[in-house]
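Trainee: need coordinates for the below:
(4 chains)
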Number of protein chains: 2
Amino acid sequence: MRDCLNITKALSDESRVRIVMFLRDGELCACQIIEMLELAPSTISRHMAVLLQAGLVECRKCGKWHYYRLPGTGAPAPVQNALVWLESALAQSPVISADGKRLKALLKRDLKTLCARHK
Amino acid sequence: MRDCLNITKALSDESRVRIVMFLRDGELCACQIIEMLELAPSTISRHMAVLLQAGLVECRKCGKWHYYRLPGTGAPAPVQNALVWLESALAQSPVISADGKRLKALLKRDLKTLCARHK
DNA sequence: TCCTCATTTCGCCATATATCGAAGTGTATA
DNA sequence: TATACACTTCGATATATGGCGAAATGAGGA
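Mentor: Below you'll find the predicted structure:
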């Protein structure tokens, strides 16, 4: 029950749902997620902690940067199934498709200059 | 996105998750749900409104009694898929199996005397 | 019609959560 | 070693949510 509620609570916030959807096409640096959502770094950090706790994302640290990604096939079935459900539930969402376009543009920009904007 | 969050928010509370699981084997009267969760009628009413809003349960009124049930095959795919996910995510849950036992005992009792307890 | 009773709505309170800015942590680089 | 910087943790605040009891609603039955 606890694991189940960790997942549903994590997915009951729009910002966190959008973050999960950002990561479908590959890992992102924290600063890229900050840029996409236009929220304070501390707010994003808290959201990522909630998603990590639920097992919905994994983290890889590389120097100063923290990269987040969706979990692989080793993840618990409820987590994997929740991600499949989310994907299909939001297939038609205008918010998500608009995010997809913005993410595409964002990925063309330099990571270093991106991070510098949040000082 | 709104529909998606209605579902995840509805399923982010333990009482509401348990209610959904109660209904797997058929419809229940509000007073039976009140008895199962041991919460105030007004609290249950609020939970049912949240579940109805999300489309996760349906309601049938018969005189003074309100019967709740899971939605049929006419329900939106995200709703049906969420219910499938919930079922599998909680397959091993001790809380849910204990509830199943208590529900079995409850169903043997008379509805009229059950309702009278909440006056 | 009036009363009973199952349920809902409302008003209140306590707790949880989303957000921010400031301060702290840890890593790379000058 | 000292500074810069990406991120996290902390403390404060505003809003959201879960809970209750009291009052309102609505459907049967006396």
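Trainee: in what helix or strand does the residue nearest the centre of chain A lie?
Mentor: Nearest to the mean C-alpha position of chain A, by CA atoms, centre = their mean, lies residue A:19 at 2.9 Å. Applying DSSP states H and E as the criterion places residue A:19 in helix A:14-22.
Trainee: pLDDT below threshold where in chain A?
Mentor: Within chain A, the stretches with pLDDT under 70 are A:117-119.
Trainee: close to chain B: what parts of chain A are there?
Mentor: Contact residues (CB under 8 Å from any CB of the partner chain) of chain A with chain B: A:1, A:3-5, A:7-9, A:11-14, A:17, A:77-78, A:81-82, A:85-86, A:88-90, A:93-96. Just so you know, the C-beta spots here come from the backbone N, C-alpha and C atoms, and that holds for glycine as well.
Trainee: now the buried members of the residues you listed.
Mentor: Buried by 16 or more other CB atoms under 10 Å in any protein chain shown: A:1, A:4-5, A:7-9, A:11-13, A:17, A:78, A:81-82, A:85-86, A:89-90, A:93, A:96, out of the residues of chain A next to chain B.
Trainee: quick one, helices of chain A?
Mentor: Along chain A, the segments classed as helices by DSSP state H run A:2-10, A:14-22, A:30-37, A:41-54, A:77-89, A:94-106, A:111-116.
Trainee: list the buried residues in the last one.
Mentor: Within helix A:111-116, the residues that count as buried by 16+ other CB under 10 Å are residue A:115.
Trainee: run the contact check for it versus DNA strand D.
Mentor: Yes - with CB under 7 Å from any atom of the strand as the criterion, DNA strand D is reached by helix A:111-116 at A:112, A:115, A:116.
Trainee: show me the contacts for the closest residue to the second one other than its chain neighbours.
Mentor: Among residues not flanking residue A:115 along the chain, residue A:31 sits closest, at 4.0 Å (CB to CB, 6 or more residues apart in numbering or on different chains). Residue A:31 makes contact with A:41, A:65, A:111, A:114, A:115, A:118 under the criterion CB atoms under 8 Å, 6 or more residues apart in numbering or on different chains.
Trainee: including distance to DNA strand C, could those residues go into a markdown table?
Mentor: Below are the contacts of residue A:31 laid out as a markdown table (distance: CB to the nearest atom of the strand, whole Å):
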| residue | distance to DNA strand C |
| --- | --- |
| A:41 | 7 |
| A:65 | 9 |
| A:111 | 13 |
| A:114 | 16 |
| A:115 | 11 |
| A:118 | 10 |
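Trainee: which among those residues gets closest to chain B?
Mentor: residue A:41 (24.0 Å; CB to the nearest CB).
Trainee: next, count neighbours for that closest one.
Mentor: Per other CB atoms under 10 Å in any protein chain shown, the neighbour tally for residue A:41 reads 14.
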